[in-house]
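S.K.: This is a predicted model, with the sequence first.
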Amino acid sequence: QVQLVESGGGLVQAGGSLRLSCAASGPSFSNYDMGWFRQALGKEREFVARINRSGSSSYYGDSVKGRFTISRDNAKHTVSLQMNRLKPEDTAVYHCAAARRYGVASPYEYDYWGQGTQVTVSS
């Protein structure tokens, strides 16, 4: 069982930056691919980014490519999302998630989820 707790959300002006963190507890953190998803009010959960077990490979959704960076620290059991050049359309609740399967981007493929942290970008 992996427990995930996100932090770092808040209110920021368009063009600004935020850094989200996700702390994982439980065994074998390095045995999971980690992902970030977001869900805006009234919309479906959207894939943002994922990173492989070693941290050597990452993949991004088209809407955030070039602006967001995912990273992980297996020694500290954390995964982070650096968000730059934020836009109002980035406003959502951001969730981190852990997957036993490799290289997945669908939320249905992830096994564990955090409660989420709210990010609001004002125009």
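M.R.: Nice, thanks for sending it over. Numbering: from 1, shown residues only.
S.K.: How about the secondary structure of the residue nearest to Tyr60 when sequence neighbours are not counted?
M.R.: Once flanking residues are discounted, Tyr60 sits nearest to Ala49: 4.8 Å by CB to CB, 6 or more residues apart in numbering. Placement of C-beta: from N, CA and C, glycine included. With DSSP: H, G, I helix; E, B strand; the rest coil as the basis, the three-state label of Ala49 is strand.
S.K.: before we move on, which element is the residue most central in space within the chain in?
M.R.: The residue lying closest to the centre of the chain (CA atoms, centre = their mean) is Trp36, at 2.3 Å. Under the criterion of DSSP states H and E, Trp36 resides in strand 33-39.
S.K.: cool, and Glu6?
M.R.: strand 3-7.
S.K.: Can you list the buried residues in that strand?
M.R.: Of all the residues in strand 3-7, those buried under the rule 16 or more other CB atoms under 10 Å are 4, 6.
S.K.: After that strand, heading C-terminal, what element do we hit next?
M.R.: Next helix or strand after strand 3-7 toward the C-terminus (DSSP H and E): strand 10-13.
S.K.: partners of the strand holding Glu6, with directions?
M.R.: Note on strand 3-7: by DSSP bridges, its sheet partners are strand 18-25 (antiparallel).
S.K.: how about the partner strand: buried residues?
M.R.: For strand 18-25, the neighbour count (16+ other CB under 10 Å) marks 18, 20-24 as buried.
S.K.: do stretch 91-103 as well
M.R.: 91-99.
S.K.: Can you tell me which of those residues is nearest Leu4?
M.R.: Each of these was checked against Leu4 using CB to CB; the closest is Cys96, at 5.2 Å.
S.K.: Surely that closest one and Gly114 touch.
M.R.: Yes - using CB atoms under 8 Å, Cys96 is in contact with Gly114, at 4.9 Å.
S.K.: distance of the residue sitting furthest away from the middle of the chain from Pro88?
M.R.: Distance from the C-alpha centroid of the chain, by CA atoms, centre = their mean, peaks at Ser123 (22.6 Å). According to CB to CB, to the nearest Å, Ser123 and Pro88 sit 5 Å apart.
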